[in-house]
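1. Following is a predicted model, sequence given first.
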Amino acid sequence: MIDFRYHLVSIVAIFLALALGIVLGSTTLSDSVSDTLRQQANSAARTAQDARLAQRQMQGQLKGEEQFAAGLAPQFVANRLKGQSVVLFETPGAGNDGIERLSELVKNAGGAVTGRVTVQKKFFEDDEQHTLNELADQLKSEGVEFPADAGPYAKAGAVLAGAVVTRDAAKSGREDATGGAVLNSFKEGGYVTTSGKPGQHATLAILVAPSSAYAYDGGGDDNKALISLATALDAADRGTVVGGPATSAREGGLIAALRGSDAKEEVSAVDTVDTSSGQVATILALQDELGGKSGQYGTGAGASGYLPSPAPTVGKNG
């Protein structure tokens, strides 16, 4: 007969066997999981290292391409704007470095820079629209035409354009009392500041977009105001280009707003103006504008290509 002591020993043996199995099983499982996690961690580390190497290589390549473009830009644009003059418009938030480089490249292209008009934030304030409208009505000269149903910004743009640009070669490079009065009035009103001699009536214009979208309330209206200004300049001169960085072609940016409007058919835009190659594209766009061709260039939404295609030949429209 099997006594109680035997049962007790058997039961203890069974539980010991179970415990030992659990321990051995869990240890084996733990080692397997650890090995798998270790392999995944090593793979992730290798992937991250490869990504860092690729990023450094890309940065080096981009730096080299920028140096290449900057070095050859003066030669590439030479004589493309010969006999022409350009006025620069700076918007609130535009990068000054890009404006300075554009100014130098215009000179490399054989053109002259008459001066710079810097639009002030006051120009966009809602409570200034009535005053701006009255000022434009008062300063409208005989040669300035307001668009049908023009609002304050369209009127102000037309008056300013009449003071700084022209299609008439005989007026190019010449200041007049009417244009001077317009610029002085806008300066005294706190709407713009100027440097150089923008009243000399340039044949072309570049409007440099803000580096980032206007985030405050009314930012969309500010873009519309600047589009009105660019459209007015284009109507009064031989061509206007809006230039900005890649951010200006994103939602809320000036170039994105322009490309979403009818103005894109008349006013060219380049969304890489903070790069040397983008500045070359701006000069080429101006040259195409001289020939009556407008386009959208860069890498952002709505761009037809990085450069005008085919690129205009040297001296074609000068």
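-> Sure thing, it's come through.

2. Tell me where the chain has strands.
-> With DSSP state E, the ranges of strands along the chain come out as 85-90, 112-119, 192-196, 204-208, 240-243, 268-270, 296-297.

3. Mind checking the pLDDT average for the second one?
-> Right, strand 112-119. The average of the pLDDT scores along strand 112-119 is 97.

4. chain center to it, what's the gap?
-> Chain-centre distance of strand 112-119: 19 Å, with CA atoms, centre = their mean, to the nearest Å.

5. Then the fourth one?
-> Averaged C-alpha coordinates place strand 204-208 at 13 Å from its chain's average position (CA atoms, centre = their mean).

6. Direction included, what does that strand pair up with?
-> strand 85-90 (parallel), strand 240-243 (parallel) (DSSP bridges).

7. which of those strands is buried the deepest?
-> Among the strands paired with strand 204-208, ranked by average contacts under mean count of other CB atoms under 10 Å, first place goes to strand 240-243 (a mean of 32). Bear in mind the C-beta positions are built from the backbone N, C-alpha and C, glycine included.

8. Okay, now the unreliable bits of the stretch 151-300 of the chain?
-> For the stretch 151-300 of the chain, the stretches with pLDDT under 70 are 215-219.

9. Export the strands paired with strand 204-208 as JSON lines, with columns for distance to K140.
-> What follows is the strands paired with strand 204-208, written out as JSON lines (distance: least, CB to CB, whole Å):
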{"stretch": "strand 85-90", "distance to K140": "20"}
{"stretch": "strand 240-243", "distance to K140": "20"}
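
10. N42: which of those is closest?
-> strand 240-243 (47.6 Å; CB to CB).

11. Contacts for the closest one next, please.
-> 98, 102, 204-209, 230, 233-234, 254-255, 258, 267-271, 273, 278-279, 282, 285-286, 289 (CB atoms under 8 Å, 6 or more residues apart in numbering).

12. which among those end up buried?
-> Burial by neighbour count, 16 or more other CB atoms under 10 Å: within those this picks out 98, 102, 204-209, 230, 233-234, 254-255, 258, 267-271, 273, 278-279, 282, 285-286, 289.

13. Hmm, K82 and Q287 touching each other?
-> No: between Q287 and K82 there is no contact, the gap being 10.0 Å when judged by CB atoms under 8 Å.

14. Where do the helices of the chain begin and end?
-> 4-77, 96-108, 129-139, 152-164, 177-188, 219-236, 254-259, 276-290 (DSSP state H).

15. closest to N184 out of the strands paired with strand 204-208?
-> When these are compared by CB to CB, strand 85-90 sits nearest N184, at 16.3 Å.

16. got the angle between that closest one and helix 219-236?
-> Angular relation of strand 85-90 and helix 219-236 on a 0 to 180 degree scale: 170 degrees, by axes from the mean of the first three to the mean of the last three CA atoms, to 10 degrees.

17. wait, which of the strands paired with strand 204-208 is closest to K155?
-> Of all the strands paired with strand 204-208, strand 85-90 sits nearest to K155, with 16.8 Å by CB to CB.

18. the inter-axis angle of the closest one versus helix 96-108?
-> Using the same axes, to 10 degrees: strand 85-90 against helix 96-108 is 180 degrees.

19. Tabulate the strands of the chain (CSV), appending distance to V165.
-> Shown next, in CSV, are these (distance: least, CB to CB, whole Å):
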stretch, distance to V165
strand 85-90, 6
strand 112-119, 9
strand 192-196, 14
strand 204-208, 6
strand 240-243, 8
strand 268-270, 15
strand 296-297, 21
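
20. To Q129, which of these lies closest?
-> Here strand 112-119 is closest among the strands of the chain (CB to CB), at 14.6 Å.

21. name the helices or strands packed onto the closest one?
-> Applying 3 or more CB pairs under 8 Å, 6 or more residues apart in numbering; DSSP states H and E, we find strand 112-119 packed against strand 85-90, helix 96-108, helix 152-164, strand 192-196.

22. before we move on, back to that, out of the strands of the chain, the one nearest D168 is which?
-> strand 85-90 (12.4 Å).

23. Which residues outside the closest one are in contact with it?
-> 96, 99, 102-103, 106, 111-119, 164-165, 172-173, 198, 200-208, 229, 233, 286.
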